[in-house]
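Asks: Sharing a model prediction with you, sequence too.
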Amino acid sequence: MTHAAPHSGQRRRRTDAGVRPWLGEQLIELDRIGAVHAVLMRVMSRAIALRFNPAAADGLEATLELALHDPHGRPPTHYRLMISDGRCAVRPGRAADAGATASIGSDDLIRLASGAVGWPELFSSGRFELNGDPFLALRFAGLFRLPVVLDPV
């Protein structure tokens, strides 16, 4: 299944608020259940596409890989993020030609999306890793509107 983010000129629902921290922690607890984890991983491609920021991708033609590691020992889930013409197509699977790779635990991704933690904190603690072309890797946070600081709760 492929999900693509619309061009910046197209209408889309505002999703910047994300998942609130208390709901994020509930999702993390539910993620321990195999069937819930499978559902969360299936909807992840849509969530990634919704977070895409076309303005940050101006002139960018690149393929990224997102590796979601499971804190409960299940195999990681990989996504190919293909950015072209201000759009991001998200497909399941590894990206053999990725210019950069971002790796994060699925629980930390939920915390990040809920605003419970900022990406610099996860990066500095080794829980969010960026590899490959450093100039491309460092654009990842802006491309997907990752929070820098905690949202007031």
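Replies: Arrived safely.
Asks: Which residue is the nearest non-sequential neighbour of residue 23?
Replies: Nearest residue to residue 23, sequence neighbours excluded (CB to CB, 6 or more residues apart in numbering): residue 114, at 6.5 Å. Glycine gets a C-beta too; all of them are placed from N, C-alpha and C.
Asks: Pull the contacting residues for residue 142.
Replies: Residues in contact with residue 142, defined by CB atoms under 8 Å, 6 or more residues apart in numbering, are 53, 56.
Asks: wait, is it part of a helix?
Replies: Yes. Looking at residue 142 with DSSP: H, G, I helix; E, B strand; the rest coil, it is inside a helix.
Asks: Tell me how far it lies from residue 119.
Replies: Relative to residue 119, residue 142 is positioned 10 Å away (CB to CB, to the nearest Å).
Asks: Can you tell me, leaving aside adjacent residues, what's nearest to residue 148?
Replies: residue 118 (4.9 Å).
Asks: My guess is the one you found contacts residue 147. True?
Replies: Yes. When contacts are counted by CB atoms under 8 Å, residue 118 is listed as touching residue 147 (5.1 Å).
Asks: Identify the contacts common to the two.
Replies: Common neighbours of residue 118 and residue 147 (CB under 8 Å, 6+ apart) are residue 112.
Asks: Over to residue 91. Which of the three states is it?
Replies: Following three-state DSSP, we place residue 91 in the strand state.
Asks: Give me the pLDDT value at it.
Replies: pLDDT, residue 91: 93.
Asks: Now that it has come up, it's in contact with residue 66, right?
Replies: No. Counting by CB under 8 Å, residue 91 does not reach residue 66; the two are 10.8 Å apart.
Asks: What's the biggest helix in this structure, counting residues?
Replies: helix 34-51 (DSSP state H).
Asks: by contact count, what packs against that one?
Replies: strand 3-4, strand 62-69, strand 77-84, strand 87-92, helix 106-114 (3 or more CB pairs under 8 Å, 6 or more residues apart in numbering; DSSP states H and E).
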